[in-house]
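Asker: 3D model of this:
(chains A, B, C and D)
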Protein chains: 2
Amino acid sequence: MMPSSLTAENTAGRPRRLVIAGMEGCTNCAICEVRAHGVCSALRDDELERLARAAVRMTVPPGHIFIEEGSRATDFFNVTGGTVKLFKSLPDGRRQITGFVSVGHFLGLAVSDRYAFGAEAIDQVKLCRFSRPKLEGMIEEFPRMERRLLAEAANELVTAQDQMLLLGRKTARERVASFLYGQLENHYGDAIPPNAQISFPMTRADIADFLGLTVETVSRTLSGLRKDGLVTLNAGHGITVISPVRLEAIARGGES
Amino acid sequence: MMPSSLTAENTAGRPRRLVIAGMEGCTNCAICEVRAHGVCSALRDDELERLARAAVRMTVPPGHIFIEEGSRATDFFNVTGGTVKLFKSLPDGRRQITGFVSVGHFLGLAVSDRYAFGAEAIDQVKLCRFSRPKLEGMIEEFPRMERRLLAEAANELVTAQDQMLLLGRKTARERVASFLYGQLENHYGDAIPPNAQISFPMTRADIADFLGLTVETVSRTLSGLRKDGLVTLNAGHGITVISPVRLEAIARGGES
DNA sequence: CGAAAGATTGAGGTGGCTCAAACGGCGTGG
DNA sequence: CCACGCCGTTTGAGCCACCTCAATCTTTCG
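Answerer: Numbers count the residues shown, from 1 in each chain, chains lettered A, B, ... in the order given. Here you go, the predicted model:
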């Protein structure tokens, strides 16, 4: 009756409560490992000084939800390590992952006073946390930061539109190819060599929830790509893309 | 072979070329009918003065594409009348409508120097057009405008995430109910009365492309809702929603 | 009024889902 | 070190929601 779903398993074995582990207090943003990424890259050293006083560093273990869907939006986050999945759910447990985000990404741009999505750590995730009023004050003071946030929001909007095209109109094969190609771009940028290797932390279930498919379909589709000589599936979550060019053609919808 | 599509008809009978009709030159933004909406509402009168000098008003007839997917992003637009559909396409003609926008909405936040989407007038559309450099200059000068743009982008992001959930995980019935309920909210705000009337300019094909379905499925699903006593289908593009509450329940995924 | 576009309805096909079983890696404990 | 259980992955068989193709009906508009 439901075309897709994760009713049983995905609802049942879902991670525990909102737990925030390992809060290390504020450190120096100027020497932060993600200094060059995300919002931070928009600021000068003296501005970073201010930022540092507002930031709380924290670590979140795999599987833990640190933003609960619909909860009060009290904080903003900046991902400084690991990978996070953002998601929305339906009452019966069906789940859509709206994006995977990693280092440099900014989280928490909420419209209302509540988060419209949830966020769960896939692997060990490091975050900078800012209280809403504090960050809003900073935005007020540093127009450059606002510029940066606008640019990032515009970027996400473009990504979201691509994903809507994928979810609304692409076949399973095209979706999986799109996902793999996206991963390639993340690792290699524009210059993707033949036999490019990727390894990602998300499970088949995550990929399914991201692509609007079931685990079985993702698995079968990957096997199909393997049979067609497009990829090899390595141990763990590793994949070798033999022909990125052909993969992209499939992702774009230009080939069967 | 393709699960969804608008290959034949939708590709063939597609609107003509990029045509911009009725350019009326710059007018006074202070007395503009959408003064209270969109980006304009963020500005003071003296700032609007500046805006007016940068704006070119234009009218676009139904069916005409005024932003071509992938073309150079030379302008920004502010919708001052009518309804616009935003879309992305695949090479074989499959099309996904990413949103319908109307008065007050801002268009053209492109990341690169090219538009990532196309825009087509559904009915008679009125626009304010700004050249990219001019608007960027204004943003530089008026932080309030930037604030406003960021807020609007954040809003669109939330909408986009909702749409991803819809496209990835909702049934046809839930999708159509979601669409109708969204239309209700547009017209009535939060207080939607029983037997609420709506009439919208988009065709069944547009709705299908928006919901990731086919025309036939949209039509059949609407008929199903009618049979179930949830709506009545009026002449033209009018629909009466007998029970908005039950419709919302379906849209949310909480009822069959 | 007539042509063209849009909407509805029917009949049949299929891509991806559901249910089910087997397989593999990995940590735990005996 | 191996047995065991858990979890994620793969594969198979069958089904169904939605798609495709096609005909008819309705609305719009010149």
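Asker: What count of nearby residues applies to the residue nearest to A:Q161 when sequence neighbours are not counted?
Answerer: For A:Q161, ignoring the flanking residues on the chain, the nearest one in space by C-beta to C-beta, 6 or more residues apart in numbering or on different chains is B:T98 at 4.7 Å. (Glycine included, C-beta is placed from N, CA and C.) Neighbour count for B:T98, taken as other C-beta atoms under 10 Å in any protein chain shown: 26.
Asker: Kindly confirm my reading that B:T98 is in a strand.
Answerer: Yes - checked against DSSP: H, G, I helix; E, B strand; the rest coil, B:T98 lies within a strand.
Asker: Dead centre of chain A: give me the residue that sits there.
Answerer: Computing the C-alpha centroid of chain A and ranking residues by C-alpha atoms, centre = their mean puts A:F100 first, at 1.5 Å.
Asker: hang on, that one packs against A:D209?
Answerer: No - using C-beta atoms under 8 Å, A:F100 is not in contact with A:D209; the gap is 10.6 Å.
Asker: before we move on, the earlier item: residues touching the residue nearest to A:Q161, list them.
Answerer: Counting by C-beta atoms under 8 Å, 6 or more residues apart in numbering or on different chains, B:T98 makes contact with A:161, A:164-165, B:86-88, B:117, B:160, B:163.
Asker: swap the cut-off to 6 Å and go again
Answerer: When contacts are counted by C-beta atoms under 6 Å, 6 or more residues apart in numbering or on different chains, B:T98 touches A:161, A:164, B:86.
Asker: What about those residues, which one has the most neighbours?
Answerer: Among these, the one with the most neighbours (other C-beta under 10 Å) is A:M164, at 25 neighbours.
Asker: how near is it to B:T203?
Answerer: Counting by C-beta to C-beta, to the nearest Å, the gap from A:M164 to B:T203 is 19 Å.
Asker: For chain A, which segments count as strands?
Answerer: For chain A, the strands defined by DSSP state E occupy A:21-25, A:55-60, A:65-67, A:75-81, A:84-89, A:95-101, A:106-107, A:118-121, A:125-131, A:196-199, A:231-233, A:238-241.
Asker: what's the closest of the ones you listed to DNA strand D?
Answerer: Ranking the strands of chain A by proximity to DNA strand D (C-beta to the nearest atom of the strand) places strand A:231-233 first, at 5.0 Å.
Asker: gap between the residue lying closest to A:Y181 once chain neighbours are set aside and A:A191?
Answerer: Once flanking residues are discounted, A:Y181 sits nearest to A:A251: 4.6 Å by C-beta to C-beta, 6+ apart. Using C-beta to C-beta, one obtains 17 Å as the distance from A:A251 to A:A191.
Asker: neighbour count winner among the two?
Answerer: Taking other C-beta under 10 Å, A:A251 and A:A191 do not tie; A:A251 has more neighbours (23 against 6).
Asker: In contact with that one, which residues?
Answerer: Counting by C-beta under 6 Å, 6+ apart, A:A251 touches A:177-178, A:181.
Asker: Rebuild the strands of chain A as CSV, extending it with distance to B:L247.
Answerer: Listed next are the strands of chain A as CSV, based on distance: least, C-beta to C-beta, whole Å:
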stretch, distance to B:L247
strand A:21-25, 43
strand A:55-60, 38
strand A:65-67, 29
strand A:75-81, 35
strand A:84-89, 20
strand A:95-101, 21
strand A:106-107, 33
strand A:118-121, 26
strand A:125-131, 39
strand A:196-199, 44
strand A:231-233, 44
strand A:238-241, 43
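Asker: I'd like the ones you listed laid out as a markdown table, including distance to DNA strand D.
Answerer: Formatted as a markdown table, the strands of chain A follow (distance: least, C-beta to the nearest atom of the strand, whole Å):
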| stretch | distance to DNA strand D |
| --- | --- |
| strand A:21-25 | 19 |
| strand A:55-60 | 17 |
| strand A:65-67 | 14 |
| strand A:75-81 | 21 |
| strand A:84-89 | 13 |
| strand A:95-101 | 13 |
| strand A:106-107 | 23 |
| strand A:118-121 | 12 |
| strand A:125-131 | 16 |
| strand A:196-199 | 11 |
| strand A:231-233 | 5 |
| strand A:238-241 | 9 |
